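*Asks:* Quick one, structure for this:
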Amino acid sequence: MRKIEENIFYRVYIVYLNKDYPATFVSCLYLSFIYMFLLVPIYGLCIDLFKGLDKNIIKFLYIIYIVAFFVVIFKKYYNKVILNTILNGNKNNKQYLPTWCYFLILPVSMIFGIGFYILISTQVVQRFSLEGYLYDLL
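*Replies:* Numbering: from 1, shown residues only. The predicted model follows:
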């Protein structure tokens with residue numbers, strides 16, 4: 001999985017570097033959003049199980065969820081040693097997919113992440129009346 005992540009980062013980095021955009025920043029944002037959407041079902045399930053908490057606490061949990069991805073991804077790729085290792089390691093690799101395929105990964109991750117959350121919410125949480133189950137235990 002790490003190699004796939006680094007390959008996506010490298011391909012997006014090269015595209016934005018050629019367009020004179022801040023390539024490291026944009027590539028980190030791209031990866032952060034991919035992870036955010038792919039892990040929406042897990043996070044959404046947790047929020048559904050704690051339904052009943054104060055709305056401000058829920059908003060705070062959303063902020064922590066988003067900031068956590070940014071911190072982890074930016075910390076990894078803004079490290080010069082790791083960045084140079086990734087750039088040098090992928091420089092000679094053959095590009096298996098066309099560049100446009102790398103930019104389809106974000107919309108596909110949105111569809112899968114939100115779709116699985118809807119399925120989990122309707123087929124598991126609502127069917128078994130699990131909304132607020134962990135909140136009631138507290």
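
*Asks:* Tell me which residue is most central in the protein.
*Replies:* In the chain, the C-alpha nearest the mean C-alpha coordinate belongs to Y35, at 1.3 Å (C-alpha atoms, centre = their mean).

*Asks:* Helix or strand for the closest residue to that one other than its chain neighbours, just tell me which one.
*Replies:* Here the nearest residue to Y35 in space, its sequence neighbours aside, is F69; by C-beta to C-beta, 6 or more residues apart in numbering that works out to 5.3 Å. In this view, the C-beta of every residue, glycine as well, is placed from N, C-alpha and C. Here F69 sits within helix 55-77, counting by DSSP states H and E.

*Asks:* Would you check that the residue nearest to the centre of the chain makes contact with I73?
*Replies:* Yes - contact status for Y35 versus I73: in contact at 7.2 Å, counting by C-beta atoms under 8 Å.

*Asks:* Helices of this protein, start to end?
*Replies:* 2-18, 23-38, 40-49, 55-77, 80-91, 99-102, 105-120, 133-137 (DSSP state H).
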